[in-house]
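Q: Fold the stuff below for me.
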Amino acid sequence: MKIEDYFKAIQDTVDSCGLVRLKNITYDKRGTYEGFLRGELHFSDDSVLHFREFVDAEAAPPERLMYTYHYTNSEGRLTFRYDNTNHHKKLGLPTWPHHKHDGSECNVIASKAPVLGKVLEEIEPLVQLM
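A: Residues are numbered from 1 along each chain as shown. Alright, predicted model coming up:
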C-alpha cells in the first residue's frame with residue numbers, strides 16, 4: 001500500500017470516532033511507502049491522545065517502525081502510553097520493545113503493538129460523556 005493510502009486509513013479511523021471533538025494530525029510523506037504522522041486528539045471529557053508513527057506501508061500489514069500513543073486525562077495526568085522505544089530491555093518483557101505504561105511512567109507491562117483503532121476502543125469507555 002502507498003503511504004497516502006495508510007494516511008487515509010488513519011484519517012478514516014479518527015473520523016469514525018464520535019468522541020473526538022478536536023483533532024490535529026500532520027502527515028509527512030517520506031517516500032512512496034514511508035511516512036511520519038503526528039496527531040493530537042481531544043475528547044469530549046477534555047482528555048487527550050498524543051500519537052506518533054513512523055510507518056513503512058510497503059509491508060503487509062504496514063510496519064510501524066516507531067510509534068507512541070500517549071493518553072492523558074482531563075487534568076493532564078498519564079492514563080496509559082504504548083510505545084516501542086527500546087529502553088526497557090532489562091525488564092525482560094516478552095513483547096520487548098513493545099510495552100505499555102499503565103497509569104505511571106514506572107509501571108511498565110508487556111503489550112503487543114496496538115493500532116490506533118484499538119487504542120481508540122480502549123479510550124472509549126474511559127471518556128466521561130458530557
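Q: what's the helix or strand for the spatially most central residue of the chain?
A: Geometric centre of the chain, nearest residue: Tyr69, 3.1 Å, by Cα atoms, centre = their mean. Per DSSP states H and E: Tyr69 is located in strand 63-72.
Q: For the next helix or strand after that strand, name the packing helices and strands.
A: Later in the chain than strand 63-72, the nearest helix or strand by DSSP H and E is strand 78-83. Packing contacts for strand 78-83, counted by 3 or more Cβ pairs under 8 Å, 6 or more residues apart in numbering; DSSP states H and E, involve strand 63-72, strand 99-102. Backbone N, C-alpha and C define where each C-beta goes, glycine included.
Q: Show me what whichever helix or strand comes after the shortest one pairs with in its sheet, parallel or antiparallel.
A: The first helix or strand that comes after strand 99-102 along the chain, using DSSP H and E, is strand 108-110. According to DSSP bridges, the neighbouring strands of strand 108-110, each with its direction, are strand 99-102 (antiparallel).
Q: Could you list the low-pLDDT ranges of the chain?
A: 89-90, 105, 129-130 (pLDDT under 70).
Q: Can I get the longest helix along it in CSV, CA atoms only?
A: Criterion DSSP state H: the longest helix present in the chain is helix 3-15. Extracted as CSV, the C-alpha positions of helix 3-15 are listed here (Å, rounded to 0.1, in the frame of the first residue of the first chain):
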residue,chain,number,x,y,z
ILE,A,3,1.7,5.8,2.3
GLU,A,4,-1.1,8.1,1.1
ASP,A,5,-3.5,5.1,1.5
TYR,A,6,-2.2,4.5,5.0
PHE,A,7,-2.7,8.1,5.9
LYS,A,8,-6.3,8.0,4.6
ALA,A,9,-7.0,4.9,6.7
ILE,A,10,-5.7,6.8,9.8
GLN,A,11,-7.9,9.8,8.9
ASP,A,12,-10.9,7.5,8.4
THR,A,13,-10.3,5.8,11.8
VAL,A,14,-10.2,9.2,13.6
ASP,A,15,-13.2,10.5,11.7
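Q: How about whichever helix or strand comes after it, which residues are buried there?
A: Note on helix 3-15: by DSSP H and E, the next helix or strand toward the C-terminus is strand 20-29. Neighbour counts over strand 20-29 (16 or more other Cβ atoms under 10 Å) mark Val20, Tyr27 as buried.
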